[in-house]
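Q: Here you go, sequence then predicted model.
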Amino acid sequence: MSTPDRKGGPPPEGAPVLELRDVSVSFTSGIGRRRRVLRAMQHVSLAVRGGEMLGVVGESGSGKSTTGAVALGLRRPDSGEALLLGRPMSRATRKALRGRVQAVLQHPQWSLNPRRRVGESVREPLAVLGTRGSRSEQRERVAAILERVGLGADLADRYPHELSGGQRQRVSVARALITEPQLIVFDEAVSALDASVQMQILALIRELQELHRFGAVFISHDLGAVQRVSDRIAVLYRGEVVETGDTASFFASPQHPYSKQLLETL
Ligand SMILES: Nc1ncnc2c1ncn2[C@@H]1O[C@H](COP(=O)(O)OP(=O)(O)OP(=O)(O)O)[C@@H](O)[C@H]1O
């Protein structure tokens, strides 16, 4: 793959691509006596380096997706700081780093336009970035990336509804990868797939990460999936990180009572 146009250089070797420092986010609902404050993230600190996959686990409502949204710059912390490639998250940072951060979500239909041919959806992030190159060069790049995610280049002319769930998720991965991001947030990216297809997509994600060395946050309630792809794990409980550790030690000897409880369900 050739390198897309980018502003600013890569982060220094070994520097985190994402860093959350003491981040808190809360939501309010209701009014008057019914007003409730929900603490979705409480003093969360974590870092992800290039080439590293951080698995974020926790039960429903523990704050995983909110953490993903903060990482993507879609939600601003109430307090604390989010740094992307060493820069404080701001509108200017998001603009300058467009394309360097991508997301793969649970349902490919959230990122694939049903009325658009697959090739167009994969090419779109390049167009948004204003990447130079003729249309035929961009088409070649789309074909190459489709092949890299294990799909034939001829798939570019099909529509999403003509593909299987696994193929659609491969297309989403291709679309995320085409701008050569330095951070990818996978939010329940395999949760909607059958078990055997899940395995294939997890293997693909791992393989692509080894090849492209992007940093990644892999959010999932499925501990088995997280164990397969992550280098490190962060456990969220009621918006707090209660434990972090490398994957092997975490699964061998979880420390926090909540982690132990989570692992019992595996
Ligand atoms: N936009 C919002 N408005 C109000 N409350 C919200 C909003 N987004 C999230 N929350 C609440 O914040 C808490 C954390 O939600 P979040 O989606 O981050 O958890 P999660 O671990 O990803 O859960 P799930 O696995 O069910 O998606 C939950 O209690 C949720 O109801």
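A: Yep, that arrived. Residues are numbered from 1 along each chain as shown.
Q: number of nearby residues for the residue in the stretch 101-250 of the chain that the ligand sits nearest to?
A: Across the stretch 101-250 of the chain, no residue is closer to the ligand than His221, which sits at 5.2 Å (C-beta to the nearest ligand atom). For the C-beta atoms, the positions are set from N, CA and C on the backbone; glycine is no exception. Other residues within reach of His221 by the criterion other C-beta atoms under 10 Å amount to 17.
Q: tell me the contacts of the residue nearest to the spatial centre of the chain?
A: In the chain, the residue lying closest to the centroid (C-alpha atoms, centre = their mean) is Val185, at 1.0 Å. Val185 sits next to 68, 71-72, 101-104, 216-217, 219 when contact means C-beta atoms under 8 Å, 6 or more residues apart in numbering.
Q: what's the spacing between it and Ser26?
A: Counting by C-beta to C-beta, to the nearest Å, the gap from Val185 to Ser26 is 21 Å.
Q: Go through the contacts of Val185 and flag which are in strands.
A: By the criterion of DSSP state E, membership of the contacts of Val185 in strands covers 101-104, 216-217, 219.
Q: Columns pLDDT on top of those, output as a markdown table?
A: Formatted as a markdown table, the entries for the ones in strands among the contacts of Val185 read as follows, by pLDDT from 0 to 100:
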| residue | pLDDT |
| --- | --- |
| Val101 | 93 |
| Gln102 | 94 |
| Ala103 | 94 |
| Val104 | 94 |
| Ala216 | 96 |
| Val217 | 97 |
| Ile219 | 97 |
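Q: got TSV for those residues, with distance to the ligand and neighbour count too?
A: Listed next are the ones in strands among the contacts of Val185 as TSV, based on distance: C-beta to the nearest ligand atom, whole Å; neighbours: other C-beta atoms under 10 Å:
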residue	distance to the ligand	neighbour count
Val101	18	24
Gln102	19	25
Ala103	14	22
Val104	15	25
Ala216	17	30
Val217	12	27
Ile219	7	26
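Q: How about stretch 119-137, which residues are buried there?
A: For stretch 119-137, a neighbour-count test (16 or more other C-beta atoms under 10 Å) marks 119-126, 129, 131 as buried.
Q: Make JSON lines from those residues and add secondary structure to it.
A: Rendered in JSON lines, the data for the buried residues of stretch 119-137 read as follows (DSSP: H, G, I helix; E, B strand; the rest coil):
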{"residue": "Gly119", "secondary structure": "helix"}
{"residue": "Glu120", "secondary structure": "helix"}
{"residue": "Ser121", "secondary structure": "helix"}
{"residue": "Val122", "secondary structure": "helix"}
{"residue": "Arg123", "secondary structure": "helix"}
{"residue": "Glu124", "secondary structure": "helix"}
{"residue": "Pro125", "secondary structure": "helix"}
{"residue": "Leu126", "secondary structure": "helix"}
{"residue": "Leu129", "secondary structure": "helix"}
{"residue": "Thr131", "secondary structure": "coil"}
